[in-house]
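Undergrad: from the sequence below, what's the structure:
(chains A, B and C)
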Amino acid sequence: MLLEVQNLRAFYGQTQALHGIDFGLDVGGVTTLLGANGAGKTTTLRALCGMLRTSGDIRFEGRPLNGRATEDIVRLGIAHVPEGRGTFTHLTVEENLRLGAITRRDHAAIAADMERVYAIFPRLHERNDQQAGTLSGGEQQMLAIGRALMLRPKLLLLDEPSFGLAPLLVQELFEILRRINRDTGVAMLIVEQNVTLALDLAQHAYLLETGRIVIDAPSQKIREDETVRRSYLGY
Amino acid sequence: MHLGLPPWAVGGAVAVALVLPLLFKNFLVFQLTLVMIYSIAILGLNLLTGFNGQFSLGHSAFYAIGAYTAAILMDRFDLAYYWTLPVAGMACFVFGFLFGLPALRLEGVYLALATFALAVATPQILKSSPLEPFTGGVQGIVILKPDPPAGLPVNADQWLYYFTLAVLLLMFAGAVNLVRGRTGRAMLAIREHPTAARLMGINTALYKSLTFGVSALYTGIAGALGAIAVQFVAPDSFTFLLSVSLLVGLVIGGVGSIPGCIVGGLFVLFVPNLAEHVSKGLAGAIYGAILLLVIYLMPSGAAGFARLIWARVSSRALKPSVTEGRTP
Amino acid sequence: MELFLHQVLAGLATGGIYACLALAVVMIYQAIDNFNFAQGEMAMFSTFIAWQLLQWGMPFWAAALAAGVVAFAGGVAIERIVFKPIRTASPLSHVVAFIALFAILNSTAGFIWDFNVKTFPSPFGSRPLLGSGLISTHDAGMIVVTVALLAFLYGFFRYTRIGLAMRAAAAHPASAQLVGIRVGWMMALGWGMAAAIGAVAGMMIAPVVFLEPNMMLGILLYGFAGAVVGGLSSPGGAVAGGFAVGVIENLAGTFVPFVGRELKLTIALVLIVGVLMIRPSGLFGRTVVSRV
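TA: All right, here's what the predicted structure looks like:
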């Protein structure tokens, strides 16, 4: 198991947002976190990265993550593409990508990875000297994912990658994600509102409701089970 | 954000304030009067910074304008001291509004810098030759302490204290009213999210300039009172250091807290003296150390601290064993 | 015409001081996204340390280097001890922290070394340059040092990994954390570098204005003016801005009738506000586009 989470509780100040959730992720696997707004999906990703007060057990490759600073967790190989993308708006596209690899020392491999990202996202290559803040929403999303890939992560956390993107673009993006997972073997934990696409990409899914996991099943089963689909996912 | 204390606290504080001058010696009464004057000045800054989110390191300029207006009116035109206050207030409102207009386009540190420059330039302008016939140049102007109205059993210092107290209560009440009403909400909206405020139809440009004007008015009236209390105005009394003191008072009292201004006034008047008592040579260093200690222990100022204590006392918080998310 | 040239050159000479200080101001602004109002005091303190080392017999360049190193360490220490604990506090609290720092440094310097004026030697000598009375060897040396520093910083921020990491950490600390940058240490590094640059500025300025605890007060405003006029995101702009402020101050003082010594600082006010009206990001600054 790449990631094992047991009895995770998370707090924003005095408010408890996660009430003891358990889940896991295999090496190279794709898992999706579903749920309505406010269910705790983004909170879960933040908790994994040490951005909140938490209690419980989080293990990555067997190593405990509790109490570690965000930057140390990242250095272990977890790349987080947050809500809002976190682009360095005043830096160029290329500088943003370079920053993704800032903790790595293998310069030749970094250059190769940069080429690879440009190959996956040709539009970024066209705009590589442009200030990142002037990019469109879709391009910033690509940039954010590209930057995450520059880390050569073992686990990629994606928070609503489809947010604010035109439907055609979202299809394209998910295809790209599938390819990345297949070619590089990076595991993915995707928080998504677009249930169809998410279930299509992921092997396993969790449904969160007000800070608790109410469904824990392979995506196939969820798609086949009509009652579950109807009552929880609305279709 | 707390706009005022519960009525019993206000009543109690006013009662205490009324009694104090009868208990203490003249010099302490004078100092307490100055505390109130600083509190009004800090309230002016609070309206601008705490509620409207605009920065100012230049309020010493408005204090100076208020002070000089009062001094010139009393010395050259024989105007009674109580009339100088509204005139000073109006003059400062105009200056503040006019300064606020171009300053609208500046944000954050840039505005800080522009106001900083204003503060530094003010003593120089006051000393300059073209203005000397009015300002008295480097020597400044001396004015006489007003006498208490005939028949009242108080001396001049005590009278000035009560007069200042009355002005303070009036102005604080005015501020509470302002902040609670529509204007206050508009100011807060502008502070929190200027773009959204504009989209909601709030004329941010007008509000920002008006706020600057009102803020200057408050500090200007404080300046006028200050001139009357100290009986003297001179350019070097109104340097950048005064602006700094006002800002310190604001932060110590608690940004956005109206009662906090009084704590700020107390701090600004008494703590530097305290520091000097501890060590004459290192007074500044001790003052600085106290400042650091206060902002470390009470990051939201005295008001925030009071709120924290109140919350702890009146509720029970859950404390599971947790690991904190770390700050870098 | 000759008077004009004369004043321009003299302005460049004083402008060198402002440029040096402006560079330190922009340096720290890049690192912490805020103005350090105690910059001048830190520079002054470091210069006193150099002076003390010179009094104890150290050769000039050794003393200067030592002072720079001490300044660097001091800057890092100040960030870790004073500013890290209040990192999450409001910007106004930060301003008060700067004020506290200012008071502490000024008072301590006066306490240790008293307020009497001292002379500080220039490594460049103060002979007139090339025989003309307009600009001395020291002034020229100061300009050279400032430009060299500038070149170093430009290269550092633009081409090195750590420079890029610092820029990222200053502008978007949360995002920087997510790429693994240790944001806290980047800030500490920024402070250290700014302190060291400030030390250099102080040692360049002291021979001209003489060393005493209040020596930086008048100059600091000009340094800020230069930094703002040039644009806070541009070290080159800051230096150019510093020179510009020096020249304009001199020209205005000479050619504009009612501006005597009295109103020189007012010029800085007019300058700053004027430039910011027209170009809110300074003459060379980059406007940051943010989509709502």
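Undergrad: just the helices in chain A please.
TA: Using DSSP state H, the helices of chain A run over A:41-48, A:70-75, A:93-100, A:107-120, A:122-126, A:137-149, A:167-184, A:195-201, A:219-224, A:226-228.
Undergrad: buried ones in the fifth one?
TA: When neighbours are counted by 16 or more other CB atoms under 10 Å in any protein chain shown, the buried residues of helix A:122-126 are found to be A:L124. Any C-beta I mention is one placed from the backbone N, CA and C, and that applies to glycine too.
Undergrad: what average pLDDT does that helix get?
TA: For helix A:122-126, mean pLDDT is 91.
Undergrad: now swap in the longest one and tell me
TA: Confidence for helix A:167-184, expressed as mean pLDDT, is 91.
Undergrad: cool, and stretch C:191-206?
TA: Averaging pLDDT along stretch C:191-206 yields 89.
Undergrad: also stretch B:118-130?
TA: 82.
Undergrad: next, the buried residues of that stretch.
TA: Buried-residue list, stretch B:118-130, by 16+ other CB under 10 Å: B:118-128.
Undergrad: spell out which residues make up each domain of chain A.
TA: A:3-77+A:153-233, A:88-151 (automatic domain parsing).
Undergrad: to B:A275, which of these lies closest?
TA: Among these, domain A:3-77+A:153-233 comes nearest to B:A275, with 36.0 Å by CB to CB.
Undergrad: hmm, who's touching stretch B:264-280?
TA: B:31, B:34-39, B:42, B:245-246, B:248-253, B:283-287, B:290, B:294, B:301-302 (CB atoms under 8 Å, 6 or more residues apart in numbering or on different chains).
Undergrad: quick one: which of the residues you listed sit in helices?
TA: Using DSSP H, B:31, B:34-39, B:42, B:245-246, B:248-253, B:283-287, B:290, B:294, B:301-302 are the members of these that sit in helices.
Undergrad: which of those residues are close to chain C?
TA: B:248, B:250-252, B:283-287 (CB under 8 Å from any CB of the partner chain).
Undergrad: between these, which is nearest A:G24?
TA: For those, the closest approach to A:G24 (CB to CB) belongs to B:V251, at 48.1 Å.
Undergrad: need the contact list for residue 49.
TA: All of this is about chain A. Shown in contact with A:C49 (CB under 8 Å, 6+ apart): A:70, A:73-74, A:78, A:80, A:157, C:178.
Undergrad: look at chain C instead
TA: C:66-67, C:70-71.
Undergrad: the regular element (helix or strand) spanning B:P133: which residues count as buried?
TA: Using DSSP states H and E, B:P133 sits in helix B:132-135. Neighbour counts using 16+ other CB under 10 Å place B:T135 of helix B:132-135 among the buried residues.
Undergrad: make a markdown table out of the domains of chain A and add distance to C:M277.
TA: Listed next are the domains of chain A as a markdown table, based on distance: least, CB to CB, whole Å:
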| stretch | distance to C:M277 |
| --- | --- |
| domain A:3-77+A:153-233 | 35 |
| domain A:88-151 | 23 |
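Undergrad: need the three-state assignment for the closest residue to B:A285 other than its chain neighbours.
TA: For B:A285, ignoring the flanking residues on the chain, the nearest one in space by CB to CB, 6 or more residues apart in numbering or on different chains is C:S107 at 4.0 Å. Applying DSSP: H, G, I helix; E, B strand; the rest coil to C:S107 yields a three-state assignment of helix.
Undergrad: residues contacting C:S107?
TA: By CB under 8 Å, 6+ apart, C:S107 lies in contact with B:281-288.
Undergrad: of the buried residues of stretch B:118-130, which belong to helices?
TA: With helices taken from DSSP H, the overlap with the buried residues of stretch B:118-130 comprises B:118-127.
Undergrad: just for the stretch 201-328 of chain B, where's the confidence low?
TA: Residue ranges of the stretch 201-328 of chain B with pLDDT under 70: B:316-328.
Undergrad: spell out which parts of it neighbour chain C.
TA: B:244, B:247-248, B:250-252, B:255, B:281-289, B:291-292, B:295-296, B:299-300, B:327-328.
Undergrad: nearest to chain C: which residue in the stretch 51-200 of chain B?
TA: Closest to chain C within the stretch 51-200 of chain B is B:A117: 3.7 Å, counting by CB to the nearest CB.
Undergrad: so that residue touches C:L220, yeah?
TA: No: B:A117 sits out of contact with C:L220 when judged by CB atoms under 8 Å, with a separation of 11.2 Å.
Undergrad: who has more neighbours out of the two?
TA: Shown here are B:A117 and C:L220; by other CB atoms under 10 Å in any protein chain shown, B:A117 has more neighbours (26 against 23).
Undergrad: any idea how far B:L250 is from that one?
TA: For B:A117, the distance to B:L250 equals 20 Å [CB to CB, to the nearest Å].
Undergrad: again, but for C:I112
TA: With CB to CB as the criterion, C:I112 and B:L250 are 32 Å apart.
Undergrad: so between the two, which is more surrounded?
TA: Neighbours of C:I112 and B:L250, each counted by other CB under 10 Å, are more numerous for B:L250; the result is 31 against 14.
Undergrad: and that one, what is it in contact with?
TA: B:42, B:45-46, B:49-50, B:261, B:264, C:92.
Undergrad: what does B:G201 give?
TA: So B:G201 contacts nothing (CB under 8 Å, 6+ apart).
Undergrad: which helix or strand contains it?
TA: Following DSSP H and E, there is no helix or strand that holds B:G201.
Undergrad: distance of it from chain C?
TA: Separation of B:G201 from chain C (CB to the nearest CB, to the nearest Å): 17 Å.
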